[in-house]
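Participant: quick one, structure for this:
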Amino acid sequence: MDVEIQRPREVGSCRVVKVDKEAAWELFTTQAANEGRTVAAHFGASWCVTSLSMNYKFEELAQTHPDMLFLFVDVDDVPGVSSKLGVKAMPTFFLIKGKEVVKKIVGANSDELHKMVDASDDDSLGSAVTALPDIVIEK
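Facilitator: Numbering: from 1, shown residues only. A predicted model of the protein is given here:
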């Protein structure tokens, strides 16, 4: 399997991994599940201003939660994964444990994103929920 790991080009040490292929998504989420690590995933696009505005907050969370894996998925680069997860708006954020989505946020709300990531250590999230209600942020 030919998987190239790309990191967004920013100043300093970036902890958010850019996923550019479906095979890379499978590799990262499988490895995280095998290691018992939680994944926080940001689905966005290079042309989406609200998605871009959340990059700094997502990176900040990655710096303060080193035990988690933070992934950025451009919906135009990896449409198969975006489609499987039902991404219809950007940005969309997922919290994934054991390859199962346990929380989903649609919209650019840094407070909700922070709560979601902080709650990742909380066992009350449990395993996957079959029907996840979206948290939709409207402006």
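
Participant: C-alpha only now, for contacts and for neighbours.
Facilitator: Noted.

Participant: quick one: contacts for the residue most central in space within the chain?
Facilitator: Nearest residue to the geometric centre of the chain (C-alpha atoms, centre = their mean): Ala41, 0.6 Å. By C-alpha atoms under 8 Å, 6 or more residues apart in numbering, the contact list for Ala41 reads 70-73, 93-96.

Participant: how about 6 Å then?
Facilitator: By C-alpha atoms under 6 Å, 6 or more residues apart in numbering, the contact set of Ala41 is 70-72, 93-94.

Participant: residue ranges for the strands of this structure, please.
Facilitator: In the chain, the segments counted as strands under DSSP state E are 16-19, 39-44, 69-74, 92-97, 100-106, 135-136.

Participant: average pLDDT for the fourth one?
Facilitator: Spelled out, it's strand 92-97. In this model, strand 92-97 carries a mean pLDDT of 97.

Participant: what helices or strands is that strand leaning on?
Facilitator: strand 39-44, strand 100-106 (3 or more C-alpha pairs under 6 Å, 6 or more residues apart in numbering; DSSP states H and E).

Participant: ok now stretch 53-68, how far from the chain's centre?
Facilitator: Mean C-alpha position of stretch 53-68 versus that of the full chain (C-alpha atoms, centre = their mean, to the nearest Å) differs by 10 Å.

Participant: next one: stretch 43-54
Facilitator: Centroid separation between stretch 43-54 and its chain, computed with C-alpha atoms, centre = their mean, is 13 Å.

Participant: repeat that for stretch 95-114.
Facilitator: Distance of stretch 95-114 from its chain centroid, counting by C-alpha atoms, centre = their mean, is 7 Å.
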